[in-house]
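J.: Turn this into a structure:
(chains A, B, C and D)
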There are 2 protein chains.
Amino acid sequence: MPDEAPLDSPSPGFALSSLEVGVIDFFVSAVKVLGMPKSIGEIYGLLFVSHEALPLDALCQRLNMSKGSASQGLKLLRAFGAVRATYQPGDRRDHFTAEVELKRLVAGFMREQIQPRLTHGEERLTRLLSLGSELSDQASGQFQRQRLRKLERWSQRSREVLPLLSGMLE
Amino acid sequence: MPDEAPLDSPSPGFALSSLEVGVIDFFVSAVKVLGMPKSIGEIYGLLFVSHEALPLDALCQRLNMSKGSASQGLKLLRAFGAVRATYQPGDRRDHFTAEVELKRLVAGFMREQIQPRLTHGEERLTRLLSLGSELSDQASGQFQRQRLRKLERWSQRSREVLPLLSGMLE
DNA sequence: TAAATTGTTCATTTTTTCTTGAACAGGGTG
DNA sequence: CACCCTGTTCAAGAAAAAATGAACAATTTA
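T.: Numbering: from 1, shown residues only, chains lettered A, B, ... in the order given. Predicted structure coming up:
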């Protein structure tokens, strides 16, 4: 029984190889940049380096993570389209694999995380604009109206530009 | 002395108008999306709606925020180029105003937050690649090498695409 | 030079977010 | 039906992040 991490990983269910640790670490940082919990990065990272599809309990064992975290993490990753469940004959458990097409990952992230917040921001802005129309014509009112217009322009810009980003990935 | 928020804000140093609260709220959400603390959004938001440049203690009073938070928040915002200190004749204190050009804000965010992490990721990846070259030629080694190549391509893509984003804002 | 003013730093406290683990629901299977 | 297997949910605990406030520079004023 190997106790130090080997370079290959011939034993799914056991200690992570140093390469696996490295890749997982990579995704943990990446995912933090995007404001998501570490567990998400761990799960995706392990699936990304794993040739075989892994069931939930394999993830728990190899990552040393509670069933609850793994379940919730997988749920989120599936919502993004970053992980898919595959059927494994003769096994009742779901097996998971990583989606590795960058374009899809970005699209999923946009759809699930960015768009909703953008929409929420726009609703908020609409409410602000109606407040703005009640402002006085004093210098301060003028100025604040101007700032609200600027916010409108920003909002419009992001509606235009962000979709292009997804498009640029092929 | 008005106790409920008036629509205009004739009294810097005192209660926020409901418009001001709305704008600040807007920026607090925005800033959370970017993974920054609420205080950053509060400070920027208030400066954004304020016609006059505000000194540190005005921010503390109006936002009900400690001097420490305000000081640290301003420091970060200045690093981004999101806030600038302006000279006010006959006043020893720094006075701050919001930079409102979207292009500059995005550029500052890229420079201070995105680029450093991207660079860090690339260093990490380089280390991974050298680990990868020691992998066996078994199926699992082959597969993992392939995944490392994919990571390389992702990394390259982001180096190409992200700068374009700043460029697209005029 | 002493006192006052302005702003920064950083250990501590507070708040927020994430993880855990136990209870539970929904199937299968004998 | 009773039992087991898989996965989900959610209250409670643990960990991480942010805010506070007091001590400390650095500068200015008297």
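
J.: show me where pLDDT drops low in chain A?
T.: Along chain A, the model assigns pLDDT under 70 to residues A:1-13.

J.: try 50
T.: A:1-5, A:7-12 (pLDDT under 50).

J.: which bits of it sit near DNA strand D?
T.: A:32, A:55-57, A:67-68, A:71-72, A:74-75, A:91-94 (CB under 7 Å from any atom of the strand). C-betas here are computed from N, CA, C, even on glycine.

J.: Quick check on those residues: which are buried?
T.: For the residues of chain A next to DNA strand D, a burial check counting by 16 or more other CB atoms under 10 Å in any protein chain shown picks out A:55-56, A:74, A:94.

J.: Widest-spaced pair of those?
T.: Pairwise distances across these peak at 10.3 Å for A:P55 and A:L74 (criterion: CB to CB).

J.: list the residues that contact both of the two?
T.: Common neighbours of A:P55 and A:L74 (criterion: CB atoms under 8 Å, 6 or more residues apart in numbering or on different chains): A:F96.

J.: that older thread, among the buried ones among the residues of chain A next to DNA strand D, which lie within strands?
T.: A:P55 (DSSP state E).

J.: from the buried ones among the residues of chain A next to DNA strand D, which single one is nearest B:L105?
T.: Nearest to B:L105 out of those is A:L74 (CB to CB; 36.0 Å).

J.: how near is that closest one to A:V49?
T.: Distance of A:L74 to A:V49, given as CB to CB, to the nearest Å: 17 Å.

J.: Tell me the residues of chain A that contact DNA strand C?
T.: With CB under 7 Å from any atom of the strand as the criterion, chain A comes near DNA strand C at residues A:35-40, A:64-69, A:72-73, A:92.

J.: Sitting in helices, which of these do you find?
T.: Counting by DSSP state H, these place A:38-40, A:67-69, A:72-73 in helices.

J.: Spatially, which two of those are the most separated?
T.: A:K38 and A:K67 (16.6 Å).

J.: and chain A, what are its domains?
T.: Chain A is divided into the following domains under automatic domain parsing: A:18-98, A:102-168.

J.: Make TSV out of those and add distance to B:R111.
T.: Compiled in TSV, those are given as follows (distance: least, CB to CB, whole Å):
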stretch	distance to B:R111
domain A:18-98	15
domain A:102-168	18
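
J.: Let me know which of those is tucked in deepest.
T.: Ranked by mean neighbour count, the domains of chain A are led by domain A:18-98 with a mean of 18 (mean count of other CB atoms under 10 Å in any protein chain shown).

J.: First-to-last residue distance for that domain?
T.: By CA to CA, to the nearest Å, the extent of domain A:18-98 from end to end equals 20 Å.

J.: tell me the contacts of the spatially most central residue of chain A?
T.: The residue lying closest to the centre of chain A (CA atoms, centre = their mean) is A:F109, at 5.3 Å. By CB under 8 Å, 6+ apart, the contact list for A:F109 reads A:34, A:80.

J.: Remind me what the longest helix along chain A packs against, helices and strands.
T.: Longest helix in chain A, counting residues (DSSP H): helix A:139-168. Other elements packing on helix A:139-168 under the criterion 3 or more CB pairs under 8 Å, 6 or more residues apart in numbering or on different chains; DSSP states H and E are helix A:102-109, helix A:115-132, helix B:18-33, helix B:38-49, helix B:102-109, helix B:139-168.
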